[in-house]
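*Asks:* how does the following fold in three dimensions:
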Amino acid sequence: MPGPLDLSGHVVLVTGGARGVGRGIATSFLEAGASVVICGRHEPESPPAGGGRTATFMSADVRDAEQVDALLDAVVERFGRLDVAVNNAGGSPPADSATAPARFSTSIVSLNLLAALFVAQAANAVMQHQAEGGLIINIGSVSGMRPSPSTAAYGAAKAGLINLTETLAVEWGPKVRVNLVTAGMVRTEQSHLWYGGEEGIAAVGRTVPAGRIAEPGDIGDACVLLATPLARYVSGANLAVHGGGERPAFLTASQGDINQVKG
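*Replies:* Coordinates of the predicted model:
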């Protein structure tokens with residue numbers, strides 16, 4: 001008998017699912033038994049695979065609402081339904097907040113906030129007509145919950161994603177649940193741009209209570225949990241998957257030992 005973490009028969013869409021965090025999410029759903037569709041502007045040479053299945057790629061620029069509508073139509077035409085939509089596409093290169101061009105900032109907000117709204121709207125239109133409803137998961141970032149130096153537009157967009165999640169959960173329930181997974185630092189193909197080589201990644205990981213930065217599968221497994229009956233009453237929630245957060249700077253700067261302080 002299938003267990004509560006078995007998602008066989010479920011159809012899942014993961015935007016930006018070809019690499020990085022998105023690839024980890026797609027793989028986790030495949031391993032849980034789901035059929036997975038990934039989308040992006042460029043088809044990957046090697047799509048995610050797991051559980052004896054391979055993800056299906058469909059081309060779409062999620063910043064374009066018309067392309068998003070066509071994407072959802074194609075998913076439903078091929079699979080007959082959509083159970084989970086994961087808004088993972090996003091990211092930002094570093095940029096000086098004082099001089100970042102308007103076109104750059106507009107593009108970052110469009111990808112990290114508006115695209116999630118477009119996909120959510122299209123997914124909701126499908127899910128509201130399904131007996132079982134559906135689930136939308138937005139992938140946030142700790143940058144949306146604390147200062148985001150060198151990525152101001154990105155941090156602001158991710159902060160907006162928190163409110164978007166809460167608002168849509170109120171409007172679209174009970175048929176459609178909407179949740180946010182706030183990711184902490186994650187090892188991806190671009191980790192070296194922020195942390196340096198393996199030595200730098202390990203050093204940064206030691207600042208996290210869990211003792212390491214996340215792997216993409218850590219975020220993927222959290223998404224799978226939200227898609228199971230175990231999370232059936234969870235909606236409008238912000239699930240922080242950050243290994244305990246980041247060590248406050250004052251602890252490093254101070255001379256005392258916080259472990260010796262008794263209140």
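*Asks:* which residues are in contact with A153?
*Replies:* Applying Cβ atoms under 8 Å, 6 or more residues apart in numbering to A153 gives the contacts S92, A95, A100, F104, S105, I108, V109. Yep, even glycine has a C-beta here, placed from its N, CA and C like the rest.
*Asks:* the fourth one: which element?
*Replies:* Right, F104. In this structure, F104 is located in helix 102-109 according to DSSP states H and E.
*Asks:* one step back: just flag the most distant two among the contacts of A153.
*Replies:* By the measure Cβ to Cβ, A95 and V109 form the most distant pair in those, at 12.5 Å.
*Asks:* helix or strand next in line after the one helix or strand in the chain whose mean pLDDT sits lowest, which one?
*Replies:* Sorted by mean pLDDT, DSSP states H and E, the helices and strands of the chain end with helix 191-195, the least confident at a mean of 66. As assigned by DSSP H and E, the chain's next helix or strand after helix 191-195 is helix 198-205.
*Asks:* next structured bit after that following helix?
*Replies:* Sequence-wise, the next helix or strand downstream of helix 198-205 (DSSP H and E) is helix 216-227.
*Asks:* ok, residues contacting that next one?
*Replies:* 5, 7, 10, 12, 20-29, 32, 34, 83-84, 86, 135, 137, 139, 179, 181, 183, 186-188, 231, 234, 239, 241.
*Asks:* can you tell me which of those residues are in strands?
*Replies:* V12, V84, V86, L135, I137, I139, N179, V181, A183, L239, V241 (DSSP state E).
*Asks:* closest to L113 among those?
*Replies:* Nearest member of the ones in strands among the contacts of helix 216-227 to L113, counting by Cβ to Cβ, is I139, at 11.9 Å.
*Asks:* ok, that closest one to G200 distance?
*Replies:* Note on I139: its distance to G200, by Cβ to Cβ, to the nearest Å, is 24 Å.
*Asks:* compare the two (neighbour count), which wins?
*Replies:* Shown here are I139 and G200; by other Cβ atoms under 10 Å, I139 has more neighbours (27 against 13).
*Asks:* just give the closest residue to the residue positioned nearest the centre of the chain, not the sequence neighbours.
*Replies:* Compute the mean C-alpha point of the chain, and by Cα atoms, centre = their mean the closest residue is I139, 2.4 Å away. Nearest non-adjacent residue to I139, counting by Cβ to Cβ, 6 or more residues apart in numbering: N88, 4.5 Å away.
*Asks:* I figured N138 hits N87, correct?
*Replies:* Yes: if you go by Cβ atoms under 8 Å, N138 and N87 touch, sitting 4.6 Å apart.
*Asks:* overlap of the contact sets of those two?
*Replies:* A116, A120.
*Asks:* which one of these two is surrounded by more residues?
*Replies:* With neighbours defined as other Cβ under 10 Å, N138 and N87 compare such that N87 has more, 31 against 27.
*Asks:* how about that one, what does it touch?
*Replies:* So, once contact is read as Cβ under 8 Å, 6+ apart, N87 ends up touching T15, A115, A116, V119, A120, I136, I137, N138, I139.
*Asks:* coming back round to it: outside of the helix holding F104, which residues touch it?
*Replies:* R63, S92, A95, A152, A153, Y154, A156, A157, G160.
*Asks:* repeat that with 6 Å
*Replies:* S92, A153, Y154, A157 (Cβ atoms under 6 Å, 6 or more residues apart in numbering).
*Asks:* please, where are all the helices along the chain?
*Replies:* 20-31, 65-79, 102-109, 115-127, 152-172, 191-195, 198-205, 216-227, 249-253 (DSSP state H).
*Asks:* so N112 sits against G91, correct?
*Replies:* No: counting by Cβ atoms under 6 Å, N112 stays clear of G91, with 7.5 Å between them.
*Asks:* more crowded one of these two?
*Replies:* More crowded of N112 and G91, by other Cβ under 10 Å: N112, with 30 against 17.
*Asks:* show me the contacts for that one.
*Replies:* By Cβ under 6 Å, 6+ apart, N112 lies in contact with G90, Y154, A157.
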